[in-house]
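Engineer: One predicted model, sequence on top.
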Amino acid sequence: MGAGMKARAPATASSKIDTPVNMPTAPGPVIFVIFGGGGDLAWRKLVPSLYYLHVNRSLPEQFAIIGVDRAPFSDVTLRKRLMDGVRQFSGLGAVKPKEWKAFAGRISYQRADFGSIATYRMLARRLKALDRAWNAKPTWVFHLATPPSLVGVIPKFLAAVGLARERQRARIVVEKPIGSDLESARRLNTTLTESFHEPQIFRIDHYLGKETVQNIMAFRFANPMFEPVWNRRYVEYVTITVAEELGIGHRGAYYEKAGELRDMVQNHAMQLLCLVAMEPPVFFGADEIRNKKVDVLHSLRTFPPEDVGALAERGQYDRGTVQGKGVPAYREEQDVAADSQVETFAALKMFVDNWRWQDVPFYVRAGKRMPRQLTEIVVHFRRAPHRLFPAAAMPDWQPARLIMCIQPDEGIVLQFHAKQPGGLMRLRLVDMQFSYRKTFKVPSPPPYATLLHDVMTNDATLFMRSDQVEAAWAALMPVLGTWSSTVPGNFPNYAAGTWGPSAADTLLMNDGHKWVVSTGAEARRSEKRR
Ligand code: BG6
(Lines give C-alpha, C1' and ligand atoms only; values in the text may rest on other atoms or scores of the structure.)
Protein backbone atom coordinates (compact mmCIF):
# COMPACT_ATOMS: atom_id res chain seq x y z
CA MET A 1 0.00 0.00 0.00
CA GLY A 2 1.40 3.31 -1.03
CA ALA A 3 5.00 4.32 -0.59
CA GLY A 4 6.42 3.38 2.75
CA MET A 5 3.04 2.50 4.30
CA LYS A 6 3.00 -1.21 3.77
CA ALA A 7 2.22 -3.40 6.72
CA ARG A 8 5.18 -5.35 7.95
CA ALA A 9 7.18 -3.86 5.14
CA PRO A 10 10.36 -5.65 4.24
CA ALA A 11 13.53 -3.85 5.31
CA THR A 12 14.27 -2.90 1.72
CA ALA A 13 11.04 -0.88 1.48
CA SER A 14 11.45 1.08 4.69
CA SER A 15 15.11 1.77 4.01
CA LYS A 16 14.00 3.79 0.97
CA ILE A 17 12.24 6.38 3.09
CA ASP A 18 14.93 9.02 2.53
CA THR A 19 14.92 8.79 -1.26
CA PRO A 20 13.27 11.82 -2.94
CA VAL A 21 10.22 9.92 -4.18
CA ASN A 22 9.67 7.11 -1.78
CA MET A 23 8.73 4.44 -4.30
CA PRO A 24 8.35 0.78 -3.51
CA THR A 25 10.68 -1.85 -4.93
CA ALA A 26 9.82 -3.88 -8.00
CA PRO A 27 7.65 -6.98 -7.63
CA GLY A 28 8.46 -10.34 -9.25
CA PRO A 29 7.76 -10.96 -12.97
CA VAL A 30 4.39 -9.60 -14.17
CA ILE A 31 2.30 -9.70 -17.32
CA PHE A 32 -0.21 -6.88 -17.30
CA VAL A 33 -3.12 -7.57 -19.62
CA ILE A 34 -5.35 -4.57 -20.32
CA PHE A 35 -8.76 -5.45 -21.73
CA GLY A 36 -9.67 -2.20 -23.42
CA GLY A 37 -5.99 -1.52 -24.09
CA GLY A 38 -6.89 0.81 -26.96
CA GLY A 39 -9.34 2.80 -24.84
CA ASP A 40 -9.40 5.98 -22.83
CA LEU A 41 -8.51 4.58 -19.42
CA ALA A 42 -5.42 2.76 -20.71
CA TRP A 43 -4.34 5.89 -22.56
CA ARG A 44 -5.02 8.41 -19.80
CA LYS A 45 -4.37 6.53 -16.56
CA LEU A 46 -3.10 2.96 -16.70
CA VAL A 47 -0.16 3.15 -19.06
CA PRO A 48 1.05 6.59 -17.86
CA SER A 49 1.05 5.15 -14.33
CA LEU A 50 2.88 2.00 -15.38
CA TYR A 51 5.41 4.21 -17.15
CA TYR A 52 5.78 6.23 -13.94
CA LEU A 53 6.60 2.98 -12.12
CA HIS A 54 9.04 2.05 -14.88
CA VAL A 55 10.90 5.36 -14.57
CA ASN A 56 11.02 4.99 -10.80
CA ARG A 57 12.44 1.46 -11.12
CA SER A 58 9.36 -0.06 -9.52
CA LEU A 59 8.67 -2.54 -12.32
CA PRO A 60 10.40 -5.89 -12.59
CA GLU A 61 12.86 -6.75 -15.35
CA GLN A 62 10.45 -9.38 -16.60
CA PHE A 63 7.42 -7.27 -17.33
CA ALA A 64 5.04 -7.12 -20.28
CA ILE A 65 1.90 -5.22 -21.16
CA ILE A 66 -0.57 -6.85 -23.52
CA GLY A 67 -3.27 -4.51 -24.78
CA VAL A 68 -6.40 -6.41 -25.83
CA ASP A 69 -9.07 -4.59 -27.77
CA ARG A 70 -11.35 -4.54 -30.78
CA ALA A 71 -9.64 -1.81 -32.80
CA PRO A 72 -7.34 -2.78 -35.67
CA PHE A 73 -4.14 -1.59 -33.99
CA SER A 74 -0.69 -3.06 -34.47
CA ASP A 75 1.96 -3.12 -31.73
CA VAL A 76 3.40 0.01 -33.32
CA THR A 77 0.17 2.02 -33.53
CA LEU A 78 -0.77 1.08 -29.99
CA ARG A 79 2.64 2.16 -28.68
CA LYS A 80 2.33 5.46 -30.51
CA ARG A 81 -1.05 6.14 -29.00
CA LEU A 82 0.14 5.18 -25.54
CA MET A 83 3.21 7.37 -25.79
CA ASP A 84 0.95 10.32 -26.42
CA GLY A 85 -0.93 9.44 -23.19
CA VAL A 86 2.32 9.09 -21.27
CA ARG A 87 3.48 12.49 -22.49
CA GLN A 88 0.26 14.14 -21.38
CA PHE A 89 -0.65 12.31 -18.21
CA SER A 90 2.33 10.66 -16.49
CA GLY A 91 3.18 13.90 -14.68
CA LEU A 92 6.82 13.36 -15.62
CA GLY A 93 7.07 15.98 -18.33
CA ALA A 94 8.85 15.22 -21.60
CA VAL A 95 9.30 11.53 -22.34
CA LYS A 96 12.97 10.53 -22.36
CA PRO A 97 13.58 8.55 -25.58
CA LYS A 98 15.79 5.98 -23.88
CA GLU A 99 13.26 5.33 -21.11
CA TRP A 100 10.41 5.14 -23.57
CA LYS A 101 12.25 2.73 -25.83
CA ALA A 102 12.88 0.34 -22.97
CA PHE A 103 9.26 0.63 -21.82
CA ALA A 104 7.61 0.47 -25.24
CA GLY A 105 9.48 -2.74 -26.05
CA ARG A 106 7.35 -4.41 -23.38
CA ILE A 107 4.03 -3.42 -24.99
CA SER A 108 2.21 -5.60 -27.49
CA TYR A 109 -1.29 -5.75 -28.88
CA GLN A 110 -3.86 -8.45 -29.41
CA ARG A 111 -6.92 -7.68 -31.49
CA ALA A 112 -9.94 -9.28 -29.92
CA ASP A 113 -13.58 -10.13 -29.99
CA PHE A 114 -14.45 -10.06 -26.28
CA GLY A 115 -17.36 -12.43 -26.81
CA SER A 116 -15.35 -15.18 -28.50
CA ILE A 117 -13.48 -17.93 -26.69
CA ALA A 118 -10.84 -17.87 -29.43
CA THR A 119 -9.62 -14.52 -28.03
CA TYR A 120 -8.99 -16.02 -24.63
CA ARG A 121 -7.39 -19.17 -26.01
CA MET A 122 -4.97 -17.06 -27.97
CA LEU A 123 -4.23 -14.98 -24.89
CA ALA A 124 -3.61 -18.12 -22.86
CA ARG A 125 -1.14 -19.32 -25.51
CA ARG A 126 0.70 -16.00 -25.37
CA LEU A 127 0.89 -16.10 -21.61
CA LYS A 128 2.19 -19.64 -21.53
CA ALA A 129 4.76 -18.77 -24.20
CA LEU A 130 6.07 -16.04 -21.90
CA ASP A 131 6.35 -18.55 -19.07
CA ARG A 132 8.67 -20.54 -21.27
CA ALA A 133 10.59 -17.57 -22.65
CA TRP A 134 11.19 -16.10 -19.19
CA ASN A 135 11.57 -19.44 -17.50
CA ALA A 136 9.33 -18.04 -14.76
CA LYS A 137 5.76 -18.06 -13.53
CA PRO A 138 4.86 -14.38 -13.79
CA THR A 139 1.87 -12.85 -12.05
CA TRP A 140 -1.00 -12.27 -14.46
CA VAL A 141 -2.94 -9.07 -13.93
CA PHE A 142 -6.15 -8.87 -15.99
CA HIS A 143 -7.27 -5.27 -15.88
CA LEU A 144 -10.79 -4.69 -17.16
CA ALA A 145 -10.65 -1.21 -18.67
CA THR A 146 -13.73 -1.92 -20.75
CA PRO A 147 -17.31 -0.66 -20.69
CA PRO A 148 -19.15 -2.04 -17.61
CA SER A 149 -21.25 -4.38 -19.77
CA LEU A 150 -18.15 -6.50 -20.45
CA VAL A 151 -17.21 -6.85 -16.80
CA GLY A 152 -19.72 -9.66 -16.44
CA VAL A 153 -18.43 -11.37 -19.60
CA ILE A 154 -14.63 -11.38 -19.61
CA PRO A 155 -14.08 -13.15 -16.24
CA LYS A 156 -16.18 -16.12 -17.40
CA PHE A 157 -14.09 -16.56 -20.53
CA LEU A 158 -10.85 -16.22 -18.57
CA ALA A 159 -12.05 -18.94 -16.24
CA ALA A 160 -13.20 -21.09 -19.16
CA VAL A 161 -9.69 -21.19 -20.62
CA GLY A 162 -8.11 -21.86 -17.24
CA LEU A 163 -6.60 -18.41 -16.69
CA ALA A 164 -8.36 -17.80 -13.38
CA ARG A 165 -7.46 -21.13 -11.85
CA GLU A 166 -3.97 -20.38 -10.57
CA ARG A 167 -4.90 -18.37 -7.49
CA GLN A 168 -1.40 -17.26 -6.62
CA ARG A 169 -0.64 -15.71 -9.98
CA ALA A 170 -3.95 -14.64 -11.58
CA ARG A 171 -5.53 -11.35 -10.45
CA ILE A 172 -8.39 -9.42 -11.93
CA VAL A 173 -8.84 -5.66 -11.61
CA VAL A 174 -12.29 -4.15 -11.93
CA GLU A 175 -13.05 -0.46 -12.20
CA LYS A 176 -16.01 1.33 -10.69
CA PRO A 177 -18.95 1.46 -11.16
CA ILE A 178 -19.46 -1.89 -9.47
CA GLY A 179 -23.11 -2.17 -10.43
CA SER A 180 -25.63 0.60 -10.55
CA ASP A 181 -27.57 -0.38 -7.43
CA LEU A 182 -27.46 -3.00 -4.70
CA GLU A 183 -29.00 -5.73 -6.81
CA SER A 184 -26.74 -5.28 -9.82
CA ALA A 185 -23.66 -4.97 -7.58
CA ARG A 186 -24.57 -8.28 -5.95
CA ARG A 187 -25.02 -9.90 -9.35
CA LEU A 188 -21.69 -8.58 -10.54
CA ASN A 189 -19.92 -9.71 -7.39
CA THR A 190 -21.46 -13.15 -7.84
CA THR A 191 -20.29 -13.29 -11.45
CA LEU A 192 -16.79 -12.29 -10.43
CA THR A 193 -16.58 -14.78 -7.60
CA GLU A 194 -17.89 -17.58 -9.80
CA SER A 195 -14.71 -17.23 -11.85
CA PHE A 196 -12.15 -15.80 -9.39
CA HIS A 197 -11.76 -16.09 -5.64
CA GLU A 198 -12.34 -12.89 -3.66
CA PRO A 199 -8.61 -12.44 -2.81
CA GLN A 200 -7.86 -12.45 -6.55
CA ILE A 201 -10.30 -9.57 -7.20
CA PHE A 202 -9.11 -5.97 -6.97
CA ARG A 203 -11.93 -3.40 -7.19
CA ILE A 204 -10.44 0.00 -7.84
CA ASP A 205 -11.59 3.25 -6.34
CA HIS A 206 -8.82 5.56 -7.48
CA TYR A 207 -9.45 7.93 -4.55
CA LEU A 208 -7.83 5.36 -2.30
CA GLY A 209 -4.61 5.72 -4.26
CA LYS A 210 -4.38 9.44 -3.51
CA GLU A 211 -1.62 10.25 -1.05
CA THR A 212 -3.82 12.55 0.99
CA VAL A 213 -6.51 9.90 1.31
CA GLN A 214 -3.95 7.42 2.60
CA ASN A 215 -2.67 10.11 4.91
CA ILE A 216 -6.01 10.27 6.73
CA MET A 217 -5.07 7.07 8.51
CA ALA A 218 -1.52 8.23 9.18
CA PHE A 219 -2.84 11.48 10.63
CA ARG A 220 -5.46 9.83 12.79
CA PHE A 221 -3.62 6.79 14.00
CA ALA A 222 0.05 7.77 14.14
CA ASN A 223 -0.55 10.88 16.26
CA PRO A 224 -1.93 10.25 19.72
CA MET A 225 -3.26 13.78 20.24
CA PHE A 226 -6.10 13.74 17.70
CA GLU A 227 -7.77 10.46 18.53
CA PRO A 228 -8.97 11.56 22.01
CA VAL A 229 -11.02 14.41 20.47
CA TRP A 230 -12.22 12.41 17.47
CA ASN A 231 -15.69 11.68 18.76
CA ARG A 232 -19.14 13.05 19.59
CA ARG A 233 -17.89 14.76 22.73
CA TYR A 234 -15.66 17.17 20.81
CA VAL A 235 -16.90 17.05 17.23
CA GLU A 236 -20.13 18.84 16.41
CA TYR A 237 -20.34 17.87 12.75
CA VAL A 238 -18.29 16.83 9.75
CA THR A 239 -18.57 18.11 6.18
CA ILE A 240 -17.16 16.33 3.15
CA THR A 241 -16.99 18.16 -0.17
CA VAL A 242 -16.05 16.47 -3.43
CA ALA A 243 -16.33 19.27 -5.97
CA GLU A 244 -15.28 19.30 -9.60
CA GLU A 245 -14.89 22.20 -11.95
CA LEU A 246 -15.46 19.86 -14.87
CA GLY A 247 -18.80 19.15 -16.43
CA ILE A 248 -19.69 15.94 -18.20
CA GLY A 249 -17.59 16.43 -21.32
CA HIS A 250 -18.03 13.53 -23.72
CA ARG A 251 -19.34 11.15 -21.04
CA GLY A 252 -23.00 12.15 -21.33
CA ALA A 253 -24.18 8.68 -22.38
CA TYR A 254 -22.67 7.08 -19.27
CA TYR A 255 -23.62 9.88 -16.92
CA GLU A 256 -27.25 9.95 -18.00
CA LYS A 257 -27.53 6.45 -16.52
CA ALA A 258 -25.45 7.24 -13.47
CA GLY A 259 -25.88 10.70 -11.96
CA GLU A 260 -23.72 12.14 -9.18
CA LEU A 261 -24.91 9.88 -6.40
CA ARG A 262 -23.74 6.79 -8.26
CA ASP A 263 -20.75 8.41 -9.94
CA MET A 264 -19.10 10.09 -6.96
CA VAL A 265 -20.94 9.54 -3.67
CA GLN A 266 -21.41 5.77 -3.57
CA ASN A 267 -17.70 5.24 -3.99
CA HIS A 268 -15.30 8.18 -3.53
CA ALA A 269 -17.23 10.19 -0.94
CA MET A 270 -18.18 7.05 1.01
CA GLN A 271 -14.53 6.01 1.15
CA LEU A 272 -13.64 9.36 2.67
CA LEU A 273 -16.46 9.03 5.17
CA CYS A 274 -15.20 5.57 6.16
CA LEU A 275 -11.65 6.78 6.70
CA VAL A 276 -12.76 9.68 8.87
CA ALA A 277 -15.24 7.73 10.94
CA MET A 278 -13.58 4.29 11.26
CA GLU A 279 -12.30 2.84 14.51
CA PRO A 280 -8.53 2.37 14.86
CA PRO A 281 -7.43 -0.87 13.19
CA VAL A 282 -5.58 -3.29 15.42
CA PHE A 283 -2.82 -3.83 12.86
CA PHE A 284 -1.99 -2.55 9.41
CA GLY A 285 -3.37 -5.33 7.27
CA ALA A 286 -5.72 -5.33 4.30
CA ASP A 287 -8.59 -7.19 5.87
CA GLU A 288 -8.31 -5.54 9.26
CA ILE A 289 -8.53 -2.08 7.68
CA ARG A 290 -11.34 -3.10 5.36
CA ASN A 291 -13.25 -4.61 8.27
CA LYS A 292 -13.07 -1.35 10.16
CA LYS A 293 -14.27 0.56 7.10
CA VAL A 294 -17.15 -1.76 6.45
CA ASP A 295 -18.22 -1.33 10.10
CA VAL A 296 -18.79 2.35 9.36
CA LEU A 297 -21.00 1.53 6.39
CA HIS A 298 -22.96 -0.94 8.47
CA SER A 299 -23.44 1.73 11.13
CA LEU A 300 -24.92 4.31 8.77
CA ARG A 301 -28.41 5.23 9.86
CA THR A 302 -30.93 4.04 7.30
CA PHE A 303 -32.62 6.87 5.44
CA PRO A 304 -36.35 6.49 6.17
CA PRO A 305 -37.89 6.90 2.68
CA GLU A 306 -40.31 9.53 4.02
CA ASP A 307 -37.35 11.61 5.28
CA VAL A 308 -35.24 11.52 2.13
CA GLY A 309 -36.65 14.94 1.18
CA ALA A 310 -35.31 16.39 4.43
CA LEU A 311 -31.96 14.58 4.43
CA ALA A 312 -30.91 14.66 0.78
CA GLU A 313 -30.78 17.37 -1.87
CA ARG A 314 -30.04 17.06 -5.55
CA GLY A 315 -29.22 19.55 -8.25
CA GLN A 316 -28.41 19.93 -11.92
CA TYR A 317 -26.24 22.66 -13.37
CA ASP A 318 -27.48 25.36 -15.67
CA ARG A 319 -25.32 27.53 -17.90
CA GLY A 320 -22.82 29.57 -16.00
CA THR A 321 -19.24 30.69 -15.67
CA VAL A 322 -16.43 28.48 -14.42
CA GLN A 323 -12.91 29.89 -14.04
CA GLY A 324 -13.96 32.89 -16.11
CA LYS A 325 -15.32 30.87 -19.03
CA GLY A 326 -18.96 30.53 -20.04
CA VAL A 327 -20.07 26.89 -20.01
CA PRO A 328 -23.25 25.17 -21.21
CA ALA A 329 -26.01 23.72 -19.06
CA TYR A 330 -25.96 19.98 -18.36
CA ARG A 331 -28.95 19.54 -20.64
CA GLU A 332 -26.94 21.08 -23.48
CA GLU A 333 -24.06 18.62 -23.15
CA GLN A 334 -23.42 15.95 -25.77
CA ASP A 335 -25.60 12.81 -25.38
CA VAL A 336 -27.73 14.38 -22.65
CA ALA A 337 -31.53 14.56 -22.95
CA ALA A 338 -32.93 18.07 -23.31
CA ASP A 339 -35.24 17.37 -20.38
CA SER A 340 -32.82 15.23 -18.36
CA GLN A 341 -33.71 14.75 -14.70
CA VAL A 342 -30.29 13.39 -13.82
CA GLU A 343 -28.56 15.01 -10.86
CA THR A 344 -25.11 16.53 -11.26
CA PHE A 345 -25.01 17.48 -7.60
CA ALA A 346 -25.95 15.54 -4.48
CA ALA A 347 -25.86 16.50 -0.81
CA LEU A 348 -26.72 14.15 2.05
CA LYS A 349 -26.99 14.37 5.79
CA MET A 350 -25.93 11.09 7.34
CA PHE A 351 -25.41 9.65 10.80
CA VAL A 352 -23.04 6.95 11.93
CA ASP A 353 -24.96 5.12 14.60
CA ASN A 354 -22.28 3.91 16.94
CA TRP A 355 -20.85 4.83 20.32
CA ARG A 356 -18.28 7.25 18.89
CA TRP A 357 -20.46 9.22 16.50
CA GLN A 358 -24.02 9.03 17.79
CA ASP A 359 -25.97 12.11 16.57
CA VAL A 360 -23.00 13.81 14.92
CA PRO A 361 -24.16 14.77 11.42
CA PHE A 362 -21.90 13.91 8.50
CA TYR A 363 -22.85 16.13 5.58
CA VAL A 364 -21.55 14.95 2.23
CA ARG A 365 -21.81 16.82 -1.05
CA ALA A 366 -20.47 16.10 -4.51
CA GLY A 367 -21.02 18.08 -7.66
CA LYS A 368 -19.91 18.89 -11.16
CA ARG A 369 -19.31 22.41 -12.42
CA MET A 370 -18.53 23.85 -9.01
CA PRO A 371 -16.45 27.04 -8.72
CA ARG A 372 -13.24 25.02 -8.40
CA GLN A 373 -11.96 21.51 -8.06
CA LEU A 374 -11.82 20.75 -4.36
CA THR A 375 -11.99 17.64 -2.22
CA GLU A 376 -11.97 18.36 1.49
CA ILE A 377 -13.04 16.91 4.78
CA VAL A 378 -13.76 19.40 7.54
CA VAL A 379 -14.13 18.34 11.15
CA HIS A 380 -16.00 21.10 13.02
CA PHE A 381 -15.34 21.08 16.76
CA ARG A 382 -17.78 22.00 19.48
CA ARG A 383 -17.59 25.22 21.44
CA ALA A 384 -15.49 25.21 24.57
CA PRO A 385 -17.80 24.03 27.39
CA HIS A 386 -17.47 27.22 29.37
CA ARG A 387 -17.81 30.59 27.65
CA LEU A 388 -15.08 32.50 29.30
CA PHE A 389 -14.74 35.28 26.75
CA PRO A 390 -17.37 37.99 26.32
CA ALA A 391 -19.50 37.81 23.17
CA ALA A 392 -17.70 40.93 21.89
CA ALA A 393 -14.42 39.00 21.78
CA MET A 394 -15.69 37.17 18.72
CA PRO A 395 -18.97 38.56 17.43
CA ASP A 396 -18.97 36.21 14.46
CA TRP A 397 -18.16 33.03 16.35
CA GLN A 398 -16.89 30.11 14.30
CA PRO A 399 -15.96 26.67 15.56
CA ALA A 400 -12.36 25.49 15.61
CA ARG A 401 -11.87 23.14 12.66
CA LEU A 402 -9.57 20.64 11.16
CA ILE A 403 -9.53 20.68 7.37
CA MET A 404 -8.09 17.77 5.44
CA CYS A 405 -7.42 19.00 1.92
CA ILE A 406 -7.41 15.97 -0.32
CA GLN A 407 -6.95 17.96 -3.53
CA PRO A 408 -5.76 20.11 -5.16
CA ASP A 409 -4.13 22.07 -2.33
CA GLU A 410 -2.94 18.89 -0.60
CA GLY A 411 -2.43 19.30 3.10
CA ILE A 412 -4.01 19.80 6.49
CA VAL A 413 -5.16 23.03 8.14
CA LEU A 414 -5.98 23.35 11.81
CA GLN A 415 -8.10 26.43 12.40
CA PHE A 416 -8.19 27.59 15.99
CA HIS A 417 -8.91 30.73 17.96
CA ALA A 418 -6.13 33.17 18.71
CA LYS A 419 -6.00 36.57 20.32
CA GLN A 420 -5.63 39.41 17.86
CA PRO A 421 -2.85 41.84 18.69
CA GLY A 422 -4.04 44.92 20.59
CA GLY A 423 -5.34 46.08 23.92
CA LEU A 424 -8.75 44.47 23.59
CA MET A 425 -9.53 40.80 23.91
CA ARG A 426 -10.53 40.03 20.34
CA LEU A 427 -10.38 36.49 18.99
CA ARG A 428 -9.96 35.33 15.44
CA LEU A 429 -9.70 31.99 13.71
CA VAL A 430 -6.13 31.45 12.51
CA ASP A 431 -4.63 28.71 10.35
CA MET A 432 -1.90 26.28 11.24
CA GLN A 433 -0.97 24.67 7.96
CA PHE A 434 0.77 21.61 6.66
CA SER A 435 1.29 21.56 2.90
CA TYR A 436 2.44 18.46 1.08
CA ARG A 437 4.15 20.48 -1.60
CA LYS A 438 6.05 22.72 0.77
CA THR A 439 7.03 19.94 3.16
CA PHE A 440 7.95 17.12 0.85
CA LYS A 441 8.86 19.14 -2.24
CA VAL A 442 8.15 16.21 -4.57
CA PRO A 443 4.93 15.60 -6.43
CA SER A 444 2.87 12.68 -5.20
CA PRO A 445 2.81 9.60 -7.42
CA PRO A 446 -0.30 9.26 -9.58
CA PRO A 447 -2.96 7.32 -7.63
CA TYR A 448 -3.05 4.60 -10.28
CA ALA A 449 0.70 4.03 -9.95
CA THR A 450 0.24 3.23 -6.27
CA LEU A 451 -2.78 1.04 -6.93
CA LEU A 452 -1.35 -0.91 -9.85
CA HIS A 453 1.83 -1.59 -7.93
CA ASP A 454 -0.28 -2.86 -5.05
CA VAL A 455 -2.10 -5.24 -7.40
CA MET A 456 1.23 -6.57 -8.63
CA THR A 457 2.43 -7.14 -5.06
CA ASN A 458 -0.91 -8.61 -4.00
CA ASP A 459 -1.69 -5.93 -1.41
CA ALA A 460 -5.45 -5.40 -1.26
CA THR A 461 -5.50 -2.73 1.45
CA LEU A 462 -6.54 0.04 -0.93
CA PHE A 463 -9.17 -1.96 -2.80
CA MET A 464 -12.85 -2.44 -2.16
CA ARG A 465 -14.04 -5.77 -0.94
CA SER A 466 -17.42 -7.03 -2.19
CA ASP A 467 -19.13 -6.54 1.18
CA GLN A 468 -17.93 -2.94 1.30
CA VAL A 469 -19.30 -2.16 -2.15
CA GLU A 470 -22.61 -3.73 -1.30
CA ALA A 471 -22.87 -1.97 2.06
CA ALA A 472 -22.26 1.40 0.37
CA TRP A 473 -25.02 0.68 -2.13
CA ALA A 474 -27.35 -0.55 0.62
CA ALA A 475 -26.89 2.71 2.53
CA LEU A 476 -27.88 4.80 -0.48
CA MET A 477 -30.73 2.69 -1.83
CA PRO A 478 -33.53 4.66 -0.11
CA VAL A 479 -32.21 7.87 -1.67
CA LEU A 480 -31.78 6.29 -5.09
CA GLY A 481 -35.26 4.79 -4.85
CA THR A 482 -36.93 8.05 -3.83
CA TRP A 483 -35.06 10.10 -6.41
CA SER A 484 -35.83 7.72 -9.25
CA SER A 485 -39.54 7.69 -8.42
CA THR A 486 -39.97 11.46 -8.04
CA VAL A 487 -39.28 14.04 -10.72
CA PRO A 488 -37.27 16.91 -9.23
CA GLY A 489 -39.36 19.51 -11.07
CA ASN A 490 -36.93 22.39 -10.56
CA PHE A 491 -33.94 21.30 -12.70
CA PRO A 492 -31.66 23.00 -13.60
CA ASN A 493 -31.41 24.54 -10.15
CA TYR A 494 -27.86 25.84 -9.85
CA ALA A 495 -25.69 27.88 -12.15
CA ALA A 496 -22.43 26.32 -13.27
CA GLY A 497 -19.65 27.89 -11.22
CA THR A 498 -21.61 27.95 -7.95
CA TRP A 499 -21.62 25.56 -4.97
CA GLY A 500 -24.87 23.85 -5.91
CA PRO A 501 -28.52 24.57 -5.14
CA SER A 502 -29.34 26.76 -2.15
CA ALA A 503 -31.30 23.85 -0.64
CA ALA A 504 -27.97 22.15 0.03
CA ASP A 505 -26.99 25.11 2.22
CA THR A 506 -30.33 25.04 3.98
CA LEU A 507 -29.75 21.37 4.80
CA LEU A 508 -27.00 22.56 7.16
CA MET A 509 -28.36 25.96 8.08
CA ASN A 510 -31.42 24.29 9.63
CA ASP A 511 -29.04 22.71 12.11
CA GLY A 512 -27.03 25.92 12.63
CA HIS A 513 -24.18 24.51 10.52
CA LYS A 514 -22.51 25.44 7.26
CA TRP A 515 -20.34 24.11 4.47
CA VAL A 516 -16.81 25.35 4.83
CA VAL A 517 -14.01 25.20 2.32
CA SER A 518 -10.42 26.10 2.98
CA THR A 519 -9.12 29.41 1.81
CA GLY A 520 -5.50 28.35 1.72
CA ALA A 521 -2.94 30.26 -0.28
CA GLU A 522 -3.30 28.11 -3.36
CA ALA A 523 -7.07 28.26 -3.25
CA ARG A 524 -6.89 32.04 -3.03
CA ARG A 525 -4.49 32.12 -5.95
CA SER A 526 -6.82 30.05 -8.08
CA GLU A 527 -9.79 32.26 -7.10
CA LYS A 528 -7.74 35.30 -8.16
CA ARG A 529 -6.87 33.83 -11.54
CA ARG A 530 -10.56 33.79 -12.40
C1 BG6 B 1 -14.47 9.36 -11.53
C2 BG6 B 1 -15.82 9.84 -11.96
O3 BG6 B 1 -14.58 8.20 -10.75
O4 BG6 B 1 -13.82 10.36 -10.77
C5 BG6 B 1 -15.70 11.12 -12.75
O6 BG6 B 1 -16.46 8.86 -12.75
C7 BG6 B 1 -14.90 12.15 -11.99
O8 BG6 B 1 -16.97 11.64 -13.07
C9 BG6 B 1 -13.59 11.56 -11.48
O10 BG6 B 1 -14.65 13.23 -12.86
C11 BG6 B 1 -12.94 12.54 -10.52
O12 BG6 B 1 -11.67 12.07 -10.15
P13 BG6 B 1 -10.57 13.08 -9.61
O14 BG6 B 1 -9.43 12.21 -9.24
O15 BG6 B 1 -10.27 14.02 -10.73
O16 BG6 B 1 -11.18 13.79 -8.44
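Structural biologist: Cool, got the structure. Numbers count the residues shown, from 1 in each chain.

Engineer: how about the residues of the stretch 251-400 of the chain near the ligand?
Structural biologist: Residues of the stretch 251-400 of the chain lying close to the ligand (Cβ under 6 Å from any ligand atom) are residue 263. C-beta here means a position set from N, CA and C on the backbone, and glycine is covered the same way.

Engineer: can you pull out the helices in the stretch 251-400 of the chain?
Structural biologist: Remark: helices assigned in the stretch 251-400 of the chain by DSSP state H, counting those that start in this stretch are 252-258, 260, 270-277, 286-299, 308-311.

Engineer: now the stretch 101-250 of the chain
Structural biologist: Counting by DSSP H, counting those that start in this stretch, the helices of the stretch 101-250 of the chain are 117-134, 154-160, 182-195, 211-222.

Engineer: Of these, give the one that comes closest to the ligand.
Structural biologist: helix 211-222 (10.1 Å; Cβ to the nearest ligand atom).

Engineer: from the chain's centre, how far out does that closest one sit?
Structural biologist: 15 Å (Cα atoms, centre = their mean, to the nearest Å).

Engineer: Let me have the helices of the stretch 251-400 of the chain in CSV, extended by mean neighbour count, mean pLDDT and distance to residue 44.
Structural biologist: Listed next are those as CSV, based on neighbours: other Cβ atoms under 10 Å; pLDDT from 0 to 100; distance: least, Cβ to Cβ, whole Å:
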stretch, mean neighbour count, mean pLDDT, distance to residue 44
helix 252-258, 16, 94, 15
helix 260, 26, 98, 21
helix 270-277, 24, 98, 21
helix 286-299, 19, 96, 27
helix 308-311, 15, 96, 36
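
Engineer: I'd like these as a markdown table, with distance to residue 431 appended.
Structural biologist: Written out in a markdown table, the entries for these read as follows (distance: least, Cβ to Cβ, whole Å):
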| stretch | distance to residue 431 |
| --- | --- |
| helix 252-258 | 36 |
| helix 260 | 30 |
| helix 270-277 | 20 |
| helix 286-299 | 29 |
| helix 308-311 | 32 |
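
Engineer: coming back round to it: deepest-packed of the helices of the stretch 101-250 of the chain, please.
Structural biologist: helix 154-160 (a mean of 20; mean count of other Cβ atoms under 10 Å).

Engineer: Which elements pack onto it?
Structural biologist: helix 117-134, strand 139-144, strand 170-175, helix 182-195 (3 or more Cβ pairs under 8 Å, 6 or more residues apart in numbering; DSSP states H and E).

Engineer: nearest spatial neighbour of the residue nearest the centre of the chain, skipping sequence neighbours?
Structural biologist: The centroid of the chain falls nearest to residue 207 when counting by Cα atoms, centre = their mean (1.9 Å). Distance criterion Cβ to Cβ, 6 or more residues apart in numbering; nearest residue to residue 207, sequence neighbours excluded, is residue 268 at 4.3 Å.

Engineer: Over to residue 113?
Structural biologist: Nearest to residue 113 is residue 119, by Cβ to Cβ, 6+ apart, at 5.6 Å.

Engineer: about what we covered before: for the residue nearest to the centre of the chain, what are its contacts?
Structural biologist: 213, 267, 268, 271, 272, 406, 447 (Cβ atoms under 8 Å, 6 or more residues apart in numbering).

Engineer: For the residue of the stretch 1-150 of the chain found nearest the ligand, which residues are in contact?
Structural biologist: The minimum distance from the stretch 1-150 of the chain to the ligand, using Cβ to the nearest ligand atom, falls at residue 45 (9.6 Å). Contact analysis of residue 45 by Cβ under 8 Å, 6+ apart lists 89, 206, 446, 448.
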